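J.: Need the 3D shape of this:
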Amino acid sequence: MSYTAASPHPATTASSQTKFIPARMILYNSAAQSGDHAGILDTLSPVSTHVSTFVGIIIGGIALGVLIIWLLIVLTCKLKANIASDGTPESILFQNSDQIAPAELQRDHTTTFNSDSLLCSVCEKVDFYQIFLDGIPEAEEIPLDSLSSVLQKSYQCSFCRLISFHVRRTWMLDKFPDADLSGIQCRLLTMPCGCLRGPFYPPPKFRCYRLHINMQGLADFWERYPASRATAGSLSIYLMQEDAFKFGRPADLHSRRVKNTVDIDLVKKWIKLCHENHGDECHNAWRMDGGEGKNLPEYVRLMDVVSMTLVPAPSGCRYVSLSYVWGAISTEYRTTMNNIAERSTPGGLKTTTFPETITDSILFVRQLGLRYLWVDAICIIQDCSQDKIVQIQSMDLVYGLSYLTIMAAGGASARDPLPGCRPRTRTLKQHIEVVQGLHLCVGPPRLREALNLSVWNTRGWTYQESALSRRRIYFTEQQVYFECRGDVFCEDIVAESKGDQFSDSFLRRSRGEYFPQGEPFGTYMGAVNECTRRNLTVESDVVDALTGVTNALSIGFSLGDPARVFYCGVILTHLHQALLWQHNPHTPRARRSLPDGGSLPLPSWTWAAWRGPVNYMSEHRYLGLVNDIGEPSVVETFVNCWYIVDHSGVIVQLDVRQVSRIVSNPMKEEEKSAYSPPSGILDPTALILDIHRPLAPGTLIFRTTSSHFSIARRGSEENDESNVGLHHGLFDILSTTSSPPIWVGTAVLPLNPTPPPSLDFIVLSRTDTRGVCDEQSLGHYLECILHVMAVSQNEGLMQRVGLGVIHEVSWNASRPEEKVVFLR
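T.: Below you'll find the predicted structure:
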């Protein structure tokens, strides 16, 4: 099918039931632009006055007066027809869209540019009606032009201007005026938006497409300008809802105009739809023991935004919680021991001048018709360590039972407003053009992209605040988004529906958060990966900032008492996998600062002991230092009994999940000679390293085997310029029992300080992967690879240095020594 022919289609033929109305080019005066029609009518008032004079002189003038009045009514209606439904002019032509006065771009909705007849020679050949009707598969995408040409033509071509608006806004090209874009080619295709009214493959009348601009040749540009890549999002162009009827379709999943302030009735509708459509899925997002009927503990305080009082949480109340960035601002608004009594009396909060984030949140809660609000700086006594400890341990309840959580993702500190909560608190990011009679729009980014641009998404505490909340309302610089476990809504897309079980919306594919996932370790792994990449003002808060999540995991997956399931943020029930975290290779290996009054560093085997992001990855990490995704694989566990020294100094046995390997019957030869871990019951006396030196809390005790291997930095990596800035590298593990040495495994180790030429390794578990050793010399068979930990020793205590994998034939040949490990 051709999408570039200028052939007629049903919307443009005389016999069609639906006809395009030719766009009119009308220049309005300032009165019309502000939505006041009096100025237009005043220009015609002399005619009306002259007619009224003739009425008094000539009787026949009465008929003429009636005729003129009728004409005025018709003319006024025609003028109003060209005013946008929000009261703003629908189309004003500007020669330079990049130099539009800010006042014009910040009216109640957005400016629509009517340049129907102005298309470049490339775009005028594209049949946009046919494309929105039938779509374009990726294999048939239409070449447009180079990006540099598109930007140059944006002053004359309305469709090029849509592309230019997005690129100039998100690529930060003003910071790179000399950037060469000629190698980037733009190609046009469509992507399905889904269907809210039926199965996943709807009939044509319910189909909806969005245009997508595919940029070929971006890799080199992103490599030269990584800052631009960080802010650039995907480029989609939407059909406005007022044109859906031209295709015989409902307005579902089409774009709509974003107002200067958020429509509170729309937000209420989102919440109502969540209640009606999702039931327990959102009422009880992760807690399995109460849902909405569960109450907050009485020691949790809430702000009563009606009486402006700090009160104990009323039983069964609906409340809203706030997630925001504190920032470096005055602390006078926070609750302390000195003002808690005053704030607990009626009207006690009225005397406080709150920063704008909190002020707007109070306003928003009132607009929703709710009464209670939880804000950490107000509801927790900030200079009482005991109160802070108790409240922090309850974050899973505070956010998990919250009726709705406000995510203040549009500011960098508490002094910033909630964008769109009040007039003139946000700049609209929506641009509309009329192309071949169709209103097309480049709008705000989708939810995930919007959050990636926010300061809020970089802060450590905000992760669990988002993860634990069952309903989230995100105030971003771009627009307001709503997210629950069942749906995603936003201001610029019509996506509200009655919840057909087969409905599908493209908005749901760009989520801010989805917690928990299907099983405990996968959920835990994602939480650690996300939390550790974020920043903390006090870096020793890292465990506290995840306590709500670990509590939720323990309860939601029935793992047991959180105090016994987790230690320093590590999930002990899945310890075989939990020990397999890796440092981000671009982060130096440095310990976190100790909390105030702390003297004992966290154990080396915990990720919380180290600064910077850590990751749980599959064994592909040993093929190259890539940001691989996927869980580390454990197909057999070797340690039968794990012990830990708890916070009181008592040695306790851990309840760790075991994984058994399935072997053949009869057994294969390699299975007969497989690695055999130590067996039997560990003697209690073996748990003591030195009777005169008690073991420090956090010491792991277990029995395994240990061996010694040479290591060598991987040569190709040393000379690779792309690895400049690496602080961890790949090392070949070499046998010491053969000459010349054989490559028997691979390890990821810190580069500073430079590791010694050989290291001790201990066995953890079994896995299966390829390409990590000399398979030609050692052979390969199913599940022949062992997870090992490189360790250093000091007076019998071991510390983690790094992780690796070794072929089990080489491990057995190295004459490993059985050992009780004290890992700290």
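J.: and residue 183, how many residues sit next to it?
T.: 14 (other Cβ atoms under 10 Å). For glycine as for every other residue, the C-beta is placed from the backbone atoms N, C-alpha and C.
J.: Show me where the stretch 101-250 of the chain has its helices.
T.: Here the stretch 101-250 of the chain has its helices, by DSSP state H, counting those that start in this stretch, at 102-105, 128-134, 147-153, 158-170, 218-224, 226-231.
J.: and the ones you listed as a markdown table, adding distance to residue 580, mean neighbour count and mean pLDDT?
T.: As requested, the helices of the stretch 101-250 of the chain are exported to a markdown table (distance: least, Cβ to Cβ, whole Å; neighbours: other Cβ atoms under 10 Å; pLDDT from 0 to 100):
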| stretch | distance to residue 580 | mean neighbour count | mean pLDDT |
| --- | --- | --- | --- |
| helix 102-105 | 51 | 11 | 33 |
| helix 128-134 | 49 | 20 | 94 |
| helix 147-153 | 43 | 19 | 92 |
| helix 158-170 | 37 | 23 | 91 |
| helix 218-224 | 31 | 13 | 78 |
| helix 226-231 | 29 | 13 | 70 |
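J.: As CSV, these with distance to residue 397 would be great.
T.: Formatted as CSV, the helices of the stretch 101-250 of the chain follow (distance: least, Cβ to Cβ, whole Å):
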stretch, distance to residue 397
helix 102-105, 44
helix 128-134, 48
helix 147-153, 51
helix 158-170, 39
helix 218-224, 43
helix 226-231, 36
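J.: quick one, which of those helices is nearest to residue 363?
T.: helix 102-105 (25.5 Å; Cβ to Cβ).
J.: Which of the helices of the stretch 101-250 of the chain sits closest to residue 428?
T.: Residue 428 lies closest to helix 102-105 among the helices of the stretch 101-250 of the chain, at 6.8 Å (Cβ to Cβ).
J.: could you point out where this protein is predicted with low confidence?
T.: Residue ranges of the chain with pLDDT under 70: 1-117, 198-202, 230-231, 280, 283-293, 499-501, 596-598, 625-629, 664-667, 716-724.
J.: Point out the other helices and strands that the longest strand seen in it packs with.
T.: With secondary structure taken from DSSP state E, the chain has its longest strand at strand 700-713. For strand 700-713, the packing partners by 3 or more Cβ pairs under 8 Å, 6 or more residues apart in numbering; DSSP states H and E come out as strand 643-645, strand 728-734, strand 743-750, strand 758-767, strand 817-823.
J.: I'd like to know which of these is closest to residue 703.
T.: strand 817-823 (5.1 Å).
J.: picking that back up, would you reformat the helices and strands packed on strand 700-713 as JSON lines and include distance to residue 707?
T.: Formatted as JSON lines, those follow (distance: least, Cβ to Cβ, whole Å):
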{"stretch": "strand 643-645", "distance to residue 707": "23"}
{"stretch": "strand 728-734", "distance to residue 707": "10"}
{"stretch": "strand 743-750", "distance to residue 707": "10"}
{"stretch": "strand 758-767", "distance to residue 707": "6"}
{"stretch": "strand 817-823", "distance to residue 707": "7"}
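J.: got those as TSV, with distance to residue 149 and mean neighbour count columns?
T.: Shown next, in TSV, are the helices and strands packed on strand 700-713 (distance: least, Cβ to Cβ, whole Å; neighbours: other Cβ atoms under 10 Å):
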stretch	distance to residue 149	mean neighbour count
strand 643-645	65	22
strand 728-734	44	22
strand 743-750	46	23
strand 758-767	52	21
strand 817-823	61	17
